[in-house]
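Undergrad: sequence-free structure coming up:
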């Protein structure tokens, strides 16, 4: 029983470490590098390294999209009205292509 508990704890610790290492699994380094704005699309605040919340927006029939936010509160607001904030993200991408 003690061995089973030890194995379970080891697996839990390993899975938590993997989640902490990549908060948005499946997001490529290219997607992160090509992200079009240094601002949170919800609050307009600058994204600070180490505090960025990465959210992968999934919509049937369309490619997954990386959305970078300044906090979990903004993630909740994004989820309530994704179209509004995706428009801002698209506008930032279009402006970045012009430059």
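TA: Now that the structure is in, tell me what you want to look at. Model, not experiment: these values are computed from the prediction. Numbers count the residues shown, from 1 in each chain.

Undergrad: distance of the residue nearest the centre of the chain from residue 30?
TA: Centroid check for the chain by Cα atoms, centre = their mean gives residue 54 as the closest residue, at 1.4 Å. Using Cβ to Cβ, to the nearest Å, we find residue 54 at a distance of 14 Å from residue 30. Placement of C-beta: from N, CA and C, glycine included.

Undergrad: try residue 70
TA: 22 Å.

Undergrad: Same check on residue 61?
TA: Remark: distance between residue 61 and residue 30 (Cβ to Cβ) = 22 Å.

Undergrad: Between those two, which has more neighbouring residues?
TA: Using other Cβ atoms under 10 Å, the more surrounded residue of residue 61 and residue 30 is residue 30, with 8 against 4.

Undergrad: about what we covered before: the residue nearest to the centre of the chain: what secondary structure?
TA: Look at residue 54: counting by DSSP: H, G, I helix; E, B strand; the rest coil, its state is strand.

Undergrad: do residue 35 as well
TA: Applying three-state DSSP: residue 35 is coil.

Undergrad: What's the local residue count around it?
TA: 19.

Undergrad: Is it correct that it is in contact with residue 67?
TA: No: Residue 35 is beyond contact range of residue 67, at 9.1 Å (criterion: Cβ atoms under 8 Å).

Undergrad: Give me the common contacts of these two.
TA: With Cβ atoms under 8 Å, 6 or more residues apart in numbering applied, the contact sets of residue 35 and residue 67 do not overlap.

Undergrad: what's in contact with stretch 27-40?
TA: Applying Cβ under 8 Å, 6+ apart, the contact partners of stretch 27-40 are 45-47, 54, 56, 66, 68-71, 74, 89, 92-93, 95-96.

Undergrad: What residues of that stretch count as buried?
TA: Buried residues in stretch 27-40, defined by neighbour count with 16 or more other Cβ atoms under 10 Å: 27, 31, 35-37, 39-40.

Undergrad: Quick check: the two most widely separated of those residues?
TA: Using Cβ to Cβ, the buried residues of stretch 27-40 span at most 18.3 Å, a distance reached by 27 and 39.

Undergrad: What segments of this structure are helices?
TA: Using DSSP state H, the helices assigned to the chain run over residues 2-21, 29-33, 72-80, 82-98.

Undergrad: Since that was my last question, I'll sign off now.
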